[in-house]
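> output the structure for:
(4 chains, ligands or ions: 4)
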Amino acid sequence: MAKMTMVQALNLALRQEMERDDRVIVLGEDVGVDGGVFRITDGLHEAFGRQRVLDTPLAEAGIVGMSVGMAAYGLRPVCEIQFSGFIYQAFHQIENHAARLRWRSRGRFTVPMVLRAPYGGGVRALEHHSESREAYWAHTPGLKMVMPSGPRNARALLVSAIRDPDPVIFYEAKALYRAYREEVPEDEETLPIGESQIVREGDDVTMISYGAMVRPTLEAAEDLSQSDGIEAEVVDLLTLSPLDDEKFSRSVKKTGHAVIVHEAPGSFGPGAEILSRLAEKSFFYLEEPVLRITGFDIVIPLFAREKAYIPDARRIAHQTRKMMKRG
Amino acid sequence: MAKMTMVQALNLALRQEMERDDRVIVLGEDVGVDGGVFRITDGLHEAFGRQRVLDTPLAEAGIVGMSVGMAAYGLRPVCEIQFSGFIYQAFHQIENHAARLRWRSRGRFTVPMVLRAPYGGGVRALEHHSESREAYWAHTPGLKMVMPSGPRNARALLVSAIRDPDPVIFYEAKALYRAYREEVPEDEETLPIGESQIVREGDDVTMISYGAMVRPTLEAAEDLSQSDGIEAEVVDLLTLSPLDDEKFSRSVKKTGHAVIVHEAPGSFGPGAEILSRLAEKSFFYLEEPVLRITGFDIVIPLFAREKAYIPDARRIAHQTRKMMKRG
Amino acid sequence: MPRKTLEIPLSVEHLSILDEKGKVDKNLEPKIPKDRLLRLHRMMKQGRAFDQRMLSLQRQGRIGTFPPVSGQEASQLGIVAAMDPEDWMVPAFREMTAELWRGRSMESILISANGFNEGADAEDGEGPATDFPVSVPVGSQMLHAVGIAWGIQYRKSDRVVATFFGDGATSEGDFHEAMNFAGVWRLPVLFVCQNNQWAISIPRKDQTRSETLAQKAIAYGFPGIQVDGNDVLAVYAAAVEAVDRARKGEGPTLIECVTYRMSVHTTADDPKRYRTDEEVDAWKKKDPVERFEKYLLSKKHLTKKKIASLEEDIEGEIKEAVKRAEEKMGTIGDPLEMFDHLYAELSPRLKQQRDALERELSELQEDSNHG
Amino acid sequence: MPRKTLEIPLSVEHLSILDEKGKVDKNLEPKIPKDRLLRLHRMMKQGRAFDQRMLSLQRQGRIGTFPPVSGQEASQLGIVAAMDPEDWMVPAFREMTAELWRGRSMESILISANGFNEGADAEDGEGPATDFPVSVPVGSQMLHAVGIAWGIQYRKSDRVVATFFGDGATSEGDFHEAMNFAGVWRLPVLFVCQNNQWAISIPRKDQTRSETLAQKAIAYGFPGIQVDGNDVLAVYAAAVEAVDRARKGEGPTLIECVTYRMSVHTTADDPKRYRTDEEVDAWKKKDPVERFEKYLLSKKHLTKKKIASLEEDIEGEIKEAVKRAEEKMGTIGDPLEMFDHLYAELSPRLKQQRDALERELSELQEDSNHG
Ligand SMILES: Cc1ncc(C[n+]2csc(CCOP(=O)(O)OP(=O)(O)O)c2C)c(N)n1
Ligand SMILES: Cc1ncc(C[n+]2csc(CCOP(=O)(O)OP(=O)(O)O)c2C)c(N)n1
Ligand SMILES: [Mg+2]
Ligand SMILES: [Mg+2]
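Ligands and ions are numbered 1, 2, ... in the order given. Next comes the predicted model:
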């Protein structure tokens, strides 16, 4: 197995799926010769040509709307929105059409498309390049919302997303793109969409997170274990919608305490639904209020201050520790 | 005081604010001679002329983007999106700009605009004409999200929204437009944005709702009282963001039981945040899990089946009754 | 080159063949076999009659809101008559006559107009597998046509796509993006603008400052043509040329059909608020159905008697369709079906919601049985 | 009119005054007072030098990502030189030289480029009250210019608005909606397209099939003109005409400035992946700064010596600005300030979040003091 960054792992997924299935078309702004601004599509243009790796004019609604048509025609478009901060230009094509065409046509036309977009802060980017607004899509019926947390699961989930019969929004954490390498098997690997994973076991508190926040959450868990002997069970959601509420609810029945960590603004954010599911399924096991550690209800600041905005291991450990001591 | 429908009450608010302040400009599709497809702007065109009541070309991003510029120039645009199902065409102008211009310019430019849009089902409308997706806006930093529940508060809140220094998304329930009349004073009346109201007192269970769902919730409360002697306290949120979490949390401390009712899909919906705030503020008073009675996680069906989708008094009473009996 | 006017290698043409009195320009008259002419005539008549029947059903509360098509029959049928059944159609929401031509049944239209998703069921005859369902968000469907056309090009097929939209739709950003994408890749698309003079209450001139809508094609580097949209021969001739260009790989064409919405925008609309009776009357004189009928009469393809019996046939068919639709609607409507067809598979949460609703419906049923 | 080509009463012109060798077309040469010519020259030089300084600061890690402007100085300065300070400017993100002309300080640009929102503070000199901040979402700012222009018309003011955008931006739906709205109401807007041949890696010809970008104005019923964007005299002359039309109430103009991005897209970009050195070299011969300098030398407005001393002055000013900016940045950065300026007033929830963060920061500080 080769050690890969998330960029390389995603590239591998695209390359292998394109080899396997000539219905798979990659399209977006600068995905061709440039290989994408993050190089996720690096080399695909040379390998598969201009038609399979399609540089589009600068128009997000165009990219998504066109993909809906391509998918209905029988292709499997994988479109890239250069930054998730510009996905809103295509919001209507996603909500009005990608999410509904199967339903509107009662299954006659389907939209097996993937919409990839980098999200989140931590790479000193410009305005609109650091948001984390996955809640919009998780709340939208007709979509699936996937958020990998590392090279290996990113690759496996992207393969599953491409093969999925329905539209998948696939948010990739920029902060993870080149953060570290992981063994990624050359052989095909998939992961089921809609299933979370327990990535650390523990009996004292359940920590639920996804995407870029899984790493600092794990770091915080280690810290809590070493300095306080608190053993956290960490759940990596991997998919936000459909939300796998079984694993974390079961975990909370054991631990009695829950912490949710995400980068998105707290209010009306993903944590609210996770908390609600916990309240629904594990209410009588919760020993105290669930703690949400999230971005604040403000626009993520420009990069000079973004560190103070995004939850990090210190903040997560600190707040969890306070909660556990209080409890 | 005259008895008015919500349509008339909203019209009164617009008319009086336009008389009072020549910065107030109404714009949108068909708001002029046609008076808007729901006649909210009826007669304004005659009273104030083509410039103050501006029929625009058919382009929602255009309407909103232009309003951002108008507001920055010093006007107070009140724009109408014909149906909230078509607000997504303008999503980027709202998220990228309306919500951020004050912040981006550090207060040098502000965006005192109101974006009115009819939302929700119940009027046998076409596809895309019945959604309830206020959660998108409540989750978006930089916006306020207001949802009146009747003629009188709609009028008072619209006046406050127009005078607010920041952008307000104002969702009007189509189902309420002509549903009933209420006394609405001719004299100026405002209501503070961000404050909920207790519209029925009771000690047994707290029912939290807003917009079109307040009426069936009240009806259900009456039913529960009469058939079961269960006395519900009903909270009408009126504003979703900023969310007034004080009143309902206090109420739950008294009742120990909570029900949240909305039309929007449940998952990652407004109810999740309301429930989370309750869990935060009244955790130790909750005797059992909070009940969410909401739309299902699907596209609202075409109108032949919409009644089965939208919570009604029967469903609300039934589920609340079951919860109270179990508890 | 200091200061000079640039040559733009694109021009905008206007085409009209059959004038308001039904007189044909012999030089331009397209050669259409008699049976196709008669099918066109029949469809026009059927479209008009069904439209009027739907209006009265709506007024009786037997169907919901719908957008009438009267006046635009030629603008639609001229296009689809130039296409093969295997070509693709991506309509907006007012293309009922085009859908009928392509094979959609009147029942399925009625079922849709009654708020049943089942209006889209294939078994109820919603048309060929290459026709998209109705699209309500103005202008948005044009991009789907572009995606289909891209697929056609990718698969080296010789199919073409026609997408319909209104004059109002030309103001939407999606119109622009679709036209531009199609131009860049020279995709086989017919962009068919139904310029019916109104977008609800907004007249064409307040929609855009350009003198024609056809000239908007210049911005995308491909031809635009303006045709008399109430002249089915002109629409057909323009469509034949555009289909031909598209099949030969020469790219898209914008066809502006100048026509008129003779009825309400939808049944929820009151056009008296924004337009005069005189205007409507002036356009009635240009009625596409009458005009075409005169032409066929003068060519002796039809007689008054044949027309009368045709009208009777159509009435009968419509009556039958209404009956079948109402029967069908008696058998559908299970609320639990609203969970179908959103995803290939229901998620656990959705299953749970569906089951809960099922349980609740039976509990409420019991309650009311006992109550 | 059976079949005929329509007269479209709009043409697209091309304008060039100062050729690549610095030779002027005397008939077209605009009359610009000497001091204004020298100010233009100074600004070009300053823009170029500051751009290069920023690039080296970025490479040293002293500022973050930014979009260099080199090559486009004339395309920007020719426009703003034709405007009054009280006119409005709505830039995209690559209009640094235009911002400098309008009065924005180099410090404020550096502070922004370092990820501090304070770059937008008025007291740090971000330019006149009629200038919008930089806008990153491509094409989106054009609609704001339209709204401002509408306000100007409503208030019967004679101000005009210039909005800048790239060749890539012409593909966005917002471009279309902005152009269309401005056309409908004949608003006083200059739509200034910086056609620098590239949108990151996408060449102009893959962006749209139209031969010029200027001709896109035909779709909206107002004039478009293509100018040599590396010829500041041509840009200026076109802008003067457009400003004049706008002030007289004759509506918008689209000005396509044909220019070249000589440097990287942003400092995160590697143009070697998508374009050749030959192409870049060919455009270097058309450098707008050198060309204008030749012109001024030949007019005896400048001498080599004066240029050298000007260059020295500019270096000194830039050095000072960097120093001031770095001093200022030492004094700002309190994280709690991120809660400012989103709303006129903080909601209770936001106050609570701000307070909690404050508490947490001091607790964490204590922890690390003790730890
Ligand atoms: C994106 C969007 N905005 C608004 C509407 C509401 N609406 C429905 S039809 C219509 C007018 C459409 O005019 P046009 O494109 O000329 O088509 P026509 O109705 O004349 O056939 C409007 C504004 C919509 N359906 N979609
Ligand atoms: C809506 C949107 N989509 C994508 C981007 C990412 N992006 C930034 S600049 C750029 C290219 C812009 O090209 P052009 O308009 O020609 O301006 P230039 O960079 O050449 O000045 C892209 C794709 C963005 N900022 N906004
Ligand atoms: Mg129309
Ligand atoms: Mg460019």
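
> which residue ranges of the chain form strands?
Here I'm looking at chain A. A:2-4, A:24-28, A:53-55, A:76-80, A:114-119, A:144-146, A:168-173, A:182-184, A:197-200, A:205-209, A:232-236, A:239-241, A:258-265, A:291-295 (DSSP state E).

> not quite, I wanted chain C
Along chain C, the stretches classed as strands by DSSP E are C:3-5, C:12-15, C:88-90, C:161-166, C:189-195, C:198-199, C:202-203, C:224-228, C:253-258.

> hey, C-alpha coordinates of the last one in PDB?
Read that as strand C:253-258. The C-alpha coordinates for strand C:253-258 follow below in PDB (Å, rounded to 0.1, in the frame of the first residue of the first chain):
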ATOM      1  CA  THR C 253     -29.600  27.900 -32.800                       C
ATOM      2  CA  LEU C 254     -31.800  30.300 -31.000                       C
ATOM      3  CA  ILE C 255     -35.300  30.500 -32.400                       C
ATOM      4  CA  GLU C 256     -37.400  33.300 -31.200                       C
ATOM      5  CA  CYS C 257     -41.100  32.500 -31.900                       C
ATOM      6  CA  VAL C 258     -43.100  35.800 -31.800                       C
END
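
> so what are the sheet partners of it and their directions?
The pairing partners recorded for strand C:253-258 under DSSP bridges are strand C:189-195 (parallel), strand C:224-228 (parallel).

> so of the strands of chain A, which one's packed in deepest?
Mean neighbour count (mean count of other C-beta atoms under 10 Å in any protein chain shown) peaks for strand A:205-209 among the strands of chain A, with a mean of 29. Just so you know, the C-beta spots here come from the backbone N, C-alpha and C atoms, and that holds for glycine as well.

> quick one, which of the strands paired with strand C:253-258 is nearest to residue D:244?
The closest of the strands paired with strand C:253-258 to residue D:244 is strand C:224-228. By C-beta to C-beta, the value is 31.1 Å.

> I'd like the average pLDDT over the closest one.
Mean pLDDT, strand C:224-228: 98.

> what are the contacting residues of it?
C:10, C:12-18, C:78, C:212-218, C:234-235, C:237-238, C:241-242, C:253-258, D:6 (C-beta atoms under 8 Å, 6 or more residues apart in numbering or on different chains).

> okay, now the unreliable bits of the chain?
I went with chain A, as the question did not name one. For chain A, applying pLDDT under 70 flags the ranges A:327.

> not quite, I wanted chain C
For chain C (pLDDT under 70), the answer is C:122-127, C:371.

> got the domain ranges for it?
C:13-329, C:336-370 (automatic domain parsing).

> follow-up on the earlier one: distance to ligand 2 for the strands of chain A - can I get that in JSON lines?
Shown next, in JSON lines, are the strands of chain A (distance: least, C-beta to the nearest ligand atom, whole Å):
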{"stretch": "strand A:2-4", "distance to ligand 2": "26"}
{"stretch": "strand A:24-28", "distance to ligand 2": "10"}
{"stretch": "strand A:53-55", "distance to ligand 2": "11"}
{"stretch": "strand A:76-80", "distance to ligand 2": "11"}
{"stretch": "strand A:114-119", "distance to ligand 2": "11"}
{"stretch": "strand A:144-146", "distance to ligand 2": "21"}
{"stretch": "strand A:168-173", "distance to ligand 2": "16"}
{"stretch": "strand A:182-184", "distance to ligand 2": "28"}
{"stretch": "strand A:197-200", "distance to ligand 2": "33"}
{"stretch": "strand A:205-209", "distance to ligand 2": "28"}
{"stretch": "strand A:232-236", "distance to ligand 2": "30"}
{"stretch": "strand A:239-241", "distance to ligand 2": "24"}
{"stretch": "strand A:258-265", "distance to ligand 2": "21"}
{"stretch": "strand A:291-295", "distance to ligand 2": "22"}
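
> minimum distance to residue B:185: which of those has it?
Residue B:185 sits nearest to strand A:258-265 of all the strands of chain A, at 37.7 Å, using C-beta to C-beta.

> and the closest one, does that touch chain D?
No - figure legend: strand A:258-265 not in contact with chain D (C-beta under 8 Å from any C-beta of the partner chain); closest approach 9.6 Å.

> ok so, going back, out of the domains of chain C, which is the most enclosed?
The most buried one of the domains of chain C (mean count of other C-beta under 10 Å) is domain C:13-329, showing a mean of 21.

> quick one: end-to-end length of that domain, please.
Domain C:13-329 has an end-to-end distance of 48 Å (C-alpha to C-alpha, to the nearest Å).

> please enumerate the helices of the chain.
I'll assume chain A. Applying DSSP state H to chain A gives helices spanning A:6-20, A:44-52, A:60-73, A:91-92, A:101-104, A:134-138, A:151-163, A:174-177, A:214-228, A:245-255, A:270-282, A:306-309, A:313-326.

> you answered for a different chain; I wanted chain C.
C:34-59, C:73-80, C:96-102, C:106-113, C:142-154, C:173-184, C:204-207, C:232-247, C:277-284, C:288-298, C:304-331, C:348-370.

> those: which one's closest to residue A:118?
helix C:173-184 (22.0 Å).

> sorry, back to before: reformat the strands of chain A as JSON lines; add distance to residue C:329.
As requested, the strands of chain A are exported to JSON lines (distance: least, C-beta to C-beta, whole Å):
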{"stretch": "strand A:2-4", "distance to residue C:329": "57"}
{"stretch": "strand A:24-28", "distance to residue C:329": "41"}
{"stretch": "strand A:53-55", "distance to residue C:329": "44"}
{"stretch": "strand A:76-80", "distance to residue C:329": "37"}
{"stretch": "strand A:114-119", "distance to residue C:329": "37"}
{"stretch": "strand A:144-146", "distance to residue C:329": "33"}
{"stretch": "strand A:168-173", "distance to residue C:329": "35"}
{"stretch": "strand A:182-184", "distance to residue C:329": "54"}
{"stretch": "strand A:197-200", "distance to residue C:329": "47"}
{"stretch": "strand A:205-209", "distance to residue C:329": "46"}
{"stretch": "strand A:232-236", "distance to residue C:329": "47"}
{"stretch": "strand A:239-241", "distance to residue C:329": "34"}
{"stretch": "strand A:258-265", "distance to residue C:329": "44"}
{"stretch": "strand A:291-295", "distance to residue C:329": "48"}
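
> the ones you listed: which one's closest to residue D:66?
Of these, nearest to residue D:66 by C-beta to C-beta is strand A:114-119, at 19.4 Å.

> what's that closest one in contact with?
So strand A:114-119 is contacted by A:10, A:38, A:40, A:64, A:67, A:76-84, A:87, A:94, A:98, A:131-134, A:158, A:161-162, A:164, A:167-174, A:177, A:211 (C-beta under 8 Å, 6+ apart).

> what pairs with it, and is each one parallel or antiparallel?
Paired strands of strand A:114-119, with direction, are strand A:76-80 (parallel), strand A:168-173 (parallel) (DSSP bridges).

> what's the neighbour count on the residue of the stretch 1-150 of chain A at minimum distance from ligand 4?
Per C-beta to the ion, residue A:58 is where the stretch 1-150 of chain A lies closest to ligand 4, at 9.0 Å. Counted with other C-beta atoms under 10 Å in any protein chain shown, residues neighbouring residue A:58 total 28.

> list the contacts for the closest residue to it other than its chain neighbours?
Once flanking residues are discounted, residue A:58 sits nearest to residue D:168: 4.0 Å by C-beta to C-beta, 6 or more residues apart in numbering or on different chains. Contact analysis of residue D:168 by C-beta under 8 Å, 6+ apart lists A:57, A:58, D:138, D:198, D:199, D:200, D:202, D:207.

> ok, now with 10 Å
A:29, A:57-59, D:92, D:138-139, D:175, D:193-196, D:198-200, D:202, D:204, D:207-208 (C-beta atoms under 10 Å, 6 or more residues apart in numbering or on different chains).

> which of the helices of chain C sits closest to residue D:185?
helix C:204-207 (9.5 Å).

> I figured residue A:128 hits residue B:99, correct?
No - with contact defined as C-beta atoms under 10 Å, residue A:128 does not reach residue B:99; the gap is 11.6 Å.
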